[in-house]
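Student: whatever this is, show me its structure:
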Amino acid sequence: KLPTMFAIRRSNRIITSIKRTIFRASLSQSSRNLSSAPFCLQIKTIRDVRKNQQRLSYFSTAADPIYDDESPPIFINLQEEIDDANERYRDILAIRDTNDIRGRGLFSLRPFKTGDKVMSSLVLSTQSKRSQYTLQKDWDLHVNLDLPSRFANHSCHANIGVRDNDDGGYDFYALEEIKEGAELVWDYEMTEWEVGSMDTCLCGCERCRKKFGGFKKSGEVIKKNYGEFFADYLKK
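Tutor: Numbering: from 1, shown residues only. All right, here's what the predicted structure looks like:
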């Protein structure tokens, strides 16, 4: 089954790569000598092959994000990045509108059992100071992660927790039974020593802490609620 899994993912990445090539070629005067017909034929062929391949229904845990060149590609715009993430995690989870002031969020497309890996992440860039979209990995190390993890919203009653992974990012695991269609939410204070970009929490859950204090202030609560599922540097 594993060869089939990688074949499906590689086919998906090839399709995205071909579409990206077509778009860029259309913007370049020097690329006008390229015929679009071969690309169209390639897309049709790959899609036909993919229809006949086995679907990724055997997962007991979610797939890791697989890229052809072992690193995230450069995207033309945010929507293309979202489409790529949704394709890689097809039938597992999806980035969707939350229909409220938060904008977008992550939603499960299948049930998860407690302890299942829900998703992985890779590091796009690092910096010494936190920003609105970074996650903290060490005292002076903050990382920008790839999608879909960036669109997971906060809740003081998280249903997914974090573990450091070997790629410098975080893996996300189910902390409880998660039903199909549920929003996947984590607790920002699992990774952040301090939370500088916001002060008041509006998650609205029963155990909402109301104020963001970071692990610096909420560490004992984080340990009690989530066990081992918080950043390694905070365990030192």
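
Student: quick one, strands of this structure?
Tutor: Taking DSSP state E as the test, the strands found in the chain are 93-97, 104-108, 117-119, 123-127, 135-138, 141-145, 153-154, 160-164, 170-174, 183-186.

Student: redo those strands as JSON lines? Include mean neighbour count.
Tutor: From N, CA and C alone the C-beta is placed, and that goes for glycine too. Conversion of those to JSON lines gives the following (neighbours: other CB atoms under 10 Å):
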{"stretch": "strand 93-97", "mean neighbour count": "18"}
{"stretch": "strand 104-108", "mean neighbour count": "20"}
{"stretch": "strand 117-119", "mean neighbour count": "23"}
{"stretch": "strand 123-127", "mean neighbour count": "14"}
{"stretch": "strand 135-138", "mean neighbour count": "20"}
{"stretch": "strand 141-145", "mean neighbour count": "19"}
{"stretch": "strand 153-154", "mean neighbour count": "18"}
{"stretch": "strand 160-164", "mean neighbour count": "22"}
{"stretch": "strand 170-174", "mean neighbour count": "24"}
{"stretch": "strand 183-186", "mean neighbour count": "22"}
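
Student: between these, which gets nearest to residue 210?
Tutor: strand 153-154 (12.8 Å; CB to CB).

Student: who does the closest one pair up with?
Tutor: If you go by DSSP bridges, strand 153-154 pairs up with strand 183-186 (parallel).

Student: follow-up on the earlier one: of all the strands of the chain, which one comes closest to residue 199?
Tutor: strand 153-154 (12.9 Å).

Student: how about the closest residue to residue 209 other than its chain neighbours, what does it touch?
Tutor: Excluding its sequence neighbours, the residue lying closest to residue 209 (CB to CB, 6 or more residues apart in numbering) is residue 156, at 5.1 Å. By CB atoms under 8 Å, 6 or more residues apart in numbering, the contact list for residue 156 reads 187, 201, 203, 205, 207-209.

Student: please repeat the previous calculation with a cut-off of 10 Å.
Tutor: 185, 187-189, 201, 203-210, 212, 218, 221-222, 225 (CB atoms under 10 Å, 6 or more residues apart in numbering).

Student: ok, residue 233 to residue 122 distance?
Tutor: Look at residue 233 and residue 122: by CB to CB, to the nearest Å, they are 19 Å apart.

Student: the more surrounded of those two?
Tutor: Comparing residue 233 with residue 122 by other CB atoms under 10 Å, the one with more neighbours is residue 122, at 19 against 15.

Student: list the contacts of stretch 225-235.
Tutor: 135-139, 141, 156-158, 160-164, 170-175, 186-187, 189-193, 207, 214-216, 218-219, 222-223.

Student: 8 Å instead, please
Tutor: 136-139, 157-158, 161-164, 170, 173, 175, 187, 190-191, 193, 207, 215, 219, 222-223.

Student: remind me which residues of the protein are low pLDDT?
Tutor: 1-72, 197 (pLDDT under 70).

Student: okay, helices next: where are they in it?
Tutor: All helices of the chain, identified by DSSP state H, fall at 2-27, 36-52, 78-88, 214-226.

Student: for the third one, packing partners?
Tutor: Okay, so that is helix 78-88. In terms of contacts (3 or more CB pairs under 8 Å, 6 or more residues apart in numbering; DSSP states H and E), helix 78-88 is packed against helix 2-27, strand 93-97.
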